[in-house]
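Q: Structure of the sequence below:
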Amino acid sequence: MNPGDAFRFTRGKGDDHLWLILTDPARDSDCRTVIVNITTYRAEKDHSCLLDVGDHPFIRHRTCIAYDYARIIKANRLEKLETDGIIHFEQPFSADVLRRIMAGAVSTRKMPIRVQDFVLAHA
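A: Sure, this is the predicted structure:
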């Protein structure tokens with residue numbers, strides 16, 4: 001699993017959002033990573049990173065990163081979810097788009113402080 005890898009939940013809540021791995025689990029002694037999801041852009045949402053058609057094949061309209069839902073998760077948990085068929089990996093984000101998403105993660109005031117500190121320490 002690498003930064004920029006994208007996945008969707010195949011069943012249950014959240015199956016309409018694309019999630020992505022933001023940090024490299026190999027850079028953490030406990031093999032943890034930060035994941036964030038994209039959501040439809042609305043005026044009241046976080047504007048720290050806006051994405052549009054062309055930034056990823058999954059994106060069909062203007063979207064934004066939901067930094068307020070960012071979480072730290074162990075890579076082996078994601079691997080188990082994939083093995084169990086609960087998540088499915090999609091095409092990864094490009095390095096350029098990932099850089100924009102990371103810049104938003106550093107500048108946003110919506111990401112939980114604990115998660116933002118993890119991003120800064122493992123970027």
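Q: ok but Lys45 is inside a strand, no?
A: No. Secondary structure of Lys45 (DSSP: H, G, I helix; E, B strand; the rest coil): coil, not part of a strand.
Q: need the next SSE after the helix or strand encompassing Arg99, C-terminal direction.
A: If you go by DSSP states H and E, Arg99 is part of helix 95-107. Using DSSP H and E, the next helix or strand after helix 95-107 towards the C-terminus is helix 113-122.
Q: Can you list the buried residues in that following helix?
A: If you call a residue buried by 16 or more other C-beta atoms under 10 Å, then helix 113-122 has these buried ones: 115-116, 118-119, 122. (Each C-beta comes from the backbone N, C-alpha and C, glycine too.)
Q: Format those residues as TSV; extra columns: distance to Glu79 and pLDDT.
A: As requested, the buried residues of helix 113-122 are exported to TSV (distance: C-beta to C-beta, whole Å; pLDDT from 0 to 100):
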residue	distance to Glu79	pLDDT
Val115	21	97
Gln116	25	97
Phe118	19	97
Val119	21	96
His122	18	91
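Q: can you put those residues in JSON lines and add distance to Phe93?
A: Listed next are those as JSON lines, based on distance: C-beta to C-beta, whole Å:
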{"residue": "Val115", "distance to Phe93": "19"}
{"residue": "Gln116", "distance to Phe93": "19"}
{"residue": "Phe118", "distance to Phe93": "19"}
{"residue": "Val119", "distance to Phe93": "16"}
{"residue": "His122", "distance to Phe93": "17"}
